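Q: My questions concern the predicted model and sequence given below.
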Amino acid sequence: MNIKQKIEQWVKETLQIENVVLVHPKEIKNGDFTLIVAVEDAEKDFEKLKGNLIPEVSNIELIKPRFINFYLSKQFFAEQIEGVDENFGKTDTLKGEKMMIEFTDPNPFKEFHIGHLMSNTIGESISRITEFQNADVKRANWQGDVGMHVATAVWGIINLNLDIEKVNPSDLGKAYARGSNLVKEDEKVKQEIVELNKHIFARDDEGVNKIYDKGRQISLDYFETIYERLGTKFEYYFFEGKEGIKGKPIVEAHIEDGIFEKSDGATIFPGEKYGLHTRVFINSNNLPTYEAKELGLNKEKFEVEPDLTKSIIVTGNEIKDYFKVLLKVISLIFPEIAQKTIHLPHGMLRLPEGKMSSRTGNVITAESLIDQVKEKVLEKIQERGFDENQKNEIAEMVAIGAIKYSILRQAIGGDIIFDFDKSLSFEGDSGPYLQYTYVRTKSVLEKANYNTAKKPRVTLDTWETTEVEKMLYRFPEVVERAGKEYAPHHLVTYLTELASAFNSFYAKEKIVDENDSASPYKLAITSAVSHVLKNGLHLLGIKSPERM
C-alpha cells in the first residue's frame with residue numbers, strides 16, 4: 001500500500017465516506033496531497049482528521065471553501081529515501097495481465113524510416129512500463145512481406161538491373177521509389193507490377209523467387225541492426241505472407257452471413273451500414289488486401305497466446321479511420337478479441353524540412369537521423385578527454401536518448417517536429433539533460449565514496465524538507481499512471497521536474513562535507529535521485545551513461 005492509498009483509507013475510515021478525491025497540489029509549497037470535500041462539511045471533516053492524524057502526516061490545513069491540504073512528515077520522507085533502490089517503482093498493479101504489444105511494423109523492401117522509429121519508441125516504453133508493474137508482456141512485430149509495395153520494389157530491382165546479390169537496404173528503397181514513381185504515369189508498368197504481385201504470391205517463378213527471398217532477408221537483417229541500437233527484442237515476428245494470408249478464408253467464410261459483400265469482382269465490408277466507410281478485403285484479382293491480412297494476424301495472436309488479456313497495437317494515426325473499420329469487423333467476427341484489443345495511434349515525426357515520402361524516395365531513415373544527431377553529440381564532447389570508443393558509446397546513448405525523449409515528451413497522438421538544438425540541450429526538457437543529471441548524481445556519490453549500506457536518518461530538528469524529497473516518493477504513483485493510461489509522457493514530465501529540483505538542490509547545498517552532520521542525508525537524497533533517474537530512463541528506453 002503506497003502513501004496515497006494509506007491516506008485514502010484513513011480518510012474513508014475517519015470520515016465514514018466511500019469516495020475520496022485526493023490529488024497533488026499544483027504547488028509543492030501547498031502540501032503533498034489535497035483532499036476535496038463537500039463545502040458544507042469542510043470544517044467538520046477538517047476537525048475530525050486533525051484530531052486523528054496518522055504518523056505519516058505531520059500537519060493538515062483547511063483552505064476554504066472545500067480543500068484540506070496534507071503535509072507529510074520528515075520521518076516519512078526519510079524512510080522513503082532509505083527504501084529507494086534499483087527496484088523502486090516496481091509494483092504488482094498489473095500482475096495477472098498478459099499483453100501482446102505490437103509496434104514498429106516496418107515493411108521489407110522499404111526503408112526503416114523515422115515513422116517506424118516513433119512507433120518503436122512508444123511501443124518499447126509502454127512495454128517496459130507495464131512490465132515494471134508485473135505484467136507479462138510479449139512484444140510483436142507485424143511486417144508486410146507481400147503485397148503491391150513488395151511487387152513494386154521487385155519490379156524496381158529488375159528495372160534498374162540491380163544484382164540482388166550485391167544490393168543493400170538503401171538500394172531496395174530506391175527500387176521501390178523507382179516503381180512507385182512510374183506506376184502512376186505508365187499503365188503498362190502498373191499492369192506489370194500487378195502480374196508480378198501474383199507471381200510473388202504464387203511463388204511460381206524461380207527468378208522472381210530468388211529476388212524476393214534475397215531482398216526480404218536483406219531487409220530483415222537490416223531491421224535487426226536497428227532494433228539492437230534501439231534496445232528492443234521481439235518475441236513474435238508476424239508476416240503478411242504467413243499469418244496475413246490466413247485472413248482470406250476468414251473473409252470468405254463470412255460472405256453468406258452478410259458481414260462481407262461481393263462488389264465488382266471484389267469482396268468488401270459495407271462500412272456505411274455502421275457509420276464507417278466501405279473497404280475492400282479481397283481485391284478483384286482474388287488477393288487479400290491489408291485489411292483481410294489484419295484479420296489473420298489478430299486471430300493468430302490469440303492462437304499463439306490463448307490467455308492474452310490485452311492486445312495493444314501502436315500505429316501511425318494516418319490509419320486511424322481504417323482501424324475503426326477493422327475493429328468493427330473484428331467485433332462482428334471475433335467479439336472476444338475485439339474486447340481485448342486497444343489501438344494506440346500516434347502522430348508523425350517530422351524534421352523542419354517537411355514531410356517525407358517513401359514513394360518519391362525522399363525518405364528520412366531512422367539510421368540517418370540517429371547518425372546525424374550522433375555527429376552533433378560527438379562535436380559537443382570532442383574536448384572532454386574520452387577515448388574514441390568512449391566517445392562513440394556516449395554519443396550513441398545520448399543521440400538515441402535525445403530522439404526518444406523528443407518522441408515521448410508529449411501525449412501520444414500529436415505530430416512532433418524534431419528540433420536538433422533543443423533535443424541536445426543540457427539545460428532542461430531534453431533526454432541529455434536527464435542523462436547529464438544522472439551522471440552528476442553518480443559523480444557526487446563517487447566523490448563521497450558513498451556507502452549505500454548505510455541508512456542515514458534526519459537527525460536535525462532544523463532540517464527543512466526539500467522539493468526533491470517531496471518529489472521522490474511520487475515515482476511509483478507516476479509509473480502506475482503511465483502504465484494504466486499507456487502514456488509515457490507522464491513519466492517524462494515527472495523525471496524532468498525531478499532533475500530540475502535536484503539540480504537546484506545541487507546548486508544550493510554542499511552535499512559532500514565532512515563537517516556537516518546533514519551531509520549523509522544529502523547523499524542519501526542524491527543516491528535516491530540517481531536510482532529514480534536510472535529506473536525512469538530505462539522505462540523510456542533510454543540508457544544511462546556513467547560519464548558524459
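A: Now that the structure is in, tell me what you want to look at.
Q: Quick check: chain neighbours aside, which residue is closest to F238?
A: Of all residues not flanking F238 in the chain, W142 sits nearest, at 4.8 Å (C-beta to C-beta, 6 or more residues apart in numbering). Every C-beta, even on glycine, is put in place using the N, C-alpha and C of the backbone.
Q: how about that neighbour, secondary structure?
A: W142 falls in the strand class when you classify it by DSSP: H, G, I helix; E, B strand; the rest coil.
Q: residue contacts, it?
A: W142 makes contact with E102, D105, F238, F239, E240, L297 under the criterion C-beta atoms under 8 Å, 6 or more residues apart in numbering.
Q: And the pLDDT at it?
A: Note for W142: predicted pLDDT of 98.
Q: do V304 as well
A: Model confidence at V304, expressed as pLDDT, equals 98.
Q: just the one 10 residues further on next, same as before
A: Among the per-residue scores, V314 shows a pLDDT of 98.
Q: One more: the one 10 residues further on?
A: Reading off the per-residue confidence, K324 sits at a pLDDT of 96.
Q: Cross-check the contact I'm expecting between it and R279.
A: No. Counting by C-beta atoms under 8 Å, K324 does not reach R279; the two are 10.3 Å apart.
Q: Inside helices: which ones of the contacts of W142?
A: Using DSSP state H, the subset of the contacts of W142 located in helices is L297.
Q: Can I get the contacts of W142 in JSON lines including neighbour count?
A: What follows is the contacts of W142, written out as JSON lines (neighbours: other C-beta atoms under 10 Å):
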{"residue": "E102", "neighbour count": "26"}
{"residue": "D105", "neighbour count": "20"}
{"residue": "F238", "neighbour count": "22"}
{"residue": "F239", "neighbour count": "19"}
{"residue": "E240", "neighbour count": "24"}
{"residue": "L297", "neighbour count": "22"}
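Q: Next one: P108 from H116, what distance?
A: Distance of P108 to H116, computed by C-beta to C-beta, to the nearest Å: 12 Å.
Q: Quick check: neighbours of the lowest-mean-pLDDT helix or strand in the chain in the sheet, parallel or antiparallel?
A: Every helix and strand of the chain was ranked by mean pLDDT, DSSP states H and E. The lowest is strand 349-350, at a mean of 88. Partners of strand 349-350 in the sheet, by DSSP bridges, are strand 416-417 (parallel).
Q: just checking, what packs against the helix or strand following the partner strand?
A: Counting by DSSP states H and E, the next helix or strand C-terminal to strand 416-417 is helix 420-423. Secondary-structure packing of helix 420-423 (3 or more C-beta pairs under 8 Å, 6 or more residues apart in numbering; DSSP states H and E): helix 366-380, helix 388-408.
Q: Tell me which residues of the helix or strand following helix 420-423 come out buried.
A: The helix or strand immediately downstream of helix 420-423 is helix 431-447, counting by DSSP H and E. Neighbour counts over helix 431-447 (16 or more other C-beta atoms under 10 Å) mark 431-442, 444-445 as buried.
Q: The next helix or strand after helix 431-447 packs against which elements?
A: The helix or strand immediately downstream of helix 431-447 is helix 467-472, counting by DSSP H and E. Taking 3+ C-beta pairs under 8 Å, 6+ apart as the contact definition, the neighbouring helices and strands of helix 467-472 are helix 74-82, helix 489-508, helix 519-539.
Q: got the CA positions of stretch 8-22 in PDB?
A: These are the backbone C-alpha positions of stretch 8-22, laid out as PDB (Å, rounded to 0.1, in the frame of the first residue of the first chain):
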ATOM      1  CA  GLU A   8      -7.300   7.500   1.300                       C
ATOM      2  CA  GLN A   9      -8.000   4.600   3.700                       C
ATOM      3  CA  TRP A  10      -7.500   6.800   6.700                       C
ATOM      4  CA  VAL A  11      -9.800   9.500   5.400                       C
ATOM      5  CA  LYS A  12     -12.500   6.900   4.500                       C
ATOM      6  CA  GLU A  13     -12.400   5.400   8.000                       C
ATOM      7  CA  THR A  14     -12.300   8.700   9.800                       C
ATOM      8  CA  LEU A  15     -15.000  10.500   7.800                       C
ATOM      9  CA  GLN A  16     -17.100   7.400   7.200                       C
ATOM     10  CA  ILE A  17     -17.300   8.000   3.400                       C
ATOM     11  CA  GLU A  18     -16.900   5.800   0.400                       C
ATOM     12  CA  ASN A  19     -15.400   8.100  -2.200                       C
ATOM     13  CA  VAL A  20     -12.200  10.100  -1.600                       C
ATOM     14  CA  VAL A  21     -10.800  12.600  -4.200                       C
ATOM     15  CA  LEU A  22      -7.100  13.000  -3.400                       C
END
